[in-house]
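> Give the three-dimensional model of this entry:
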Amino acid sequence: TDFITTGTYNRNRSFHTTISPSMDILISSNLERLLYHLSDSNDELIASYMSSLNETGKYTVSDDILNKIKEIFVAGYCSDENTVKTIAETFKKYNYVIDTHTSVAVNVYENYLNETGDKTPTVIASTANPFKFNEAVISALAPNINLSDKSEFDLLDILAKEGNIKIPPQLDELRSKTPRFNTVCEKDLMINQTDKFLN
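Next comes the predicted model:
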């Protein structure tokens, strides 16, 4: 949101984890490609931005590129609290269970609508399964259920019931599978453990 608003990409900030983990990044791997296309394939310019990012932790795009970005994109953000609230509201309104990432998109879009009144027909692509984020989605649909002592399989069952949705077979079938890997090691022993796997 800051980058699209200001044109400055700055990774020199605190890192916070959220219930939308795919958005918890300080360096976007896809942004470089977008900038390359917006700069009319000016690889030297983009290389200078990436070099600045590596050396100083930030870069600022040209006014020309920033104007192109603002013609295409509108940005927003959503707190964890509003993510959960939007999951609940979407379910209540449409009887449809969304994941945490889609919830951020819905929330930002609804804020955009309220601010602009833009009536352009819009599609929000839901790219993640809510079962990937069991605990967060359940907390939106059934906030009174205590999840502290629940296993991952318990969470699958609870989400299926509360959301009236089917558990993906690939996840449901894991119940009957024998674990193939059960080795656990401390972080400082990972190199030694890797050597054991390779030998």
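
> Only C-alpha atoms from now on, for both contacts and neighbour counts.
OK.

> Report the separation between the two terminal residues of stretch 31-48.
Start-to-end span of stretch 31-48 (C-alpha to C-alpha, to the nearest Å) is 14 Å.

> Please identify the buried residues of that stretch?
32, 35-36, 38-39, 46 (16 or more other C-alpha atoms under 10 Å).

> residues in contact with it?
Residues outside stretch 31-48 that contact it (C-alpha atoms under 8 Å, 6 or more residues apart in numbering) are 50, 65, 68-69.

> Please check these and keep the buried ones.
Of the contacts of stretch 31-48, these count as buried by 16+ other C-alpha under 10 Å: 50, 65, 69.

> Which element, helix or strand, includes the first one?
In this case it means M50. Applying DSSP states H and E as the criterion places M50 in helix 43-56.

> so how far is that helix off the chain centroid?
25 Å (C-alpha atoms, centre = their mean, to the nearest Å).

> Dump the buried ones among the contacts of stretch 31-48 into JSON lines; add pLDDT and distance to A128 as well.
Shown next, in JSON lines, are those (pLDDT from 0 to 100; distance: C-alpha to C-alpha, whole Å):
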{"residue": "M50", "pLDDT": "96", "distance to A128": "29"}
{"residue": "I65", "pLDDT": "97", "distance to A128": "31"}
{"residue": "I69", "pLDDT": "97", "distance to A128": "26"}
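
> Which one of these is nearest to R180?
Distance to R180, by C-alpha to C-alpha, is smallest for M50 among the buried ones among the contacts of stretch 31-48, at 41.0 Å.

> Distance check, that closest one against I145.
Relative to I145, M50 is positioned 46 Å away (criterion: C-alpha to C-alpha).
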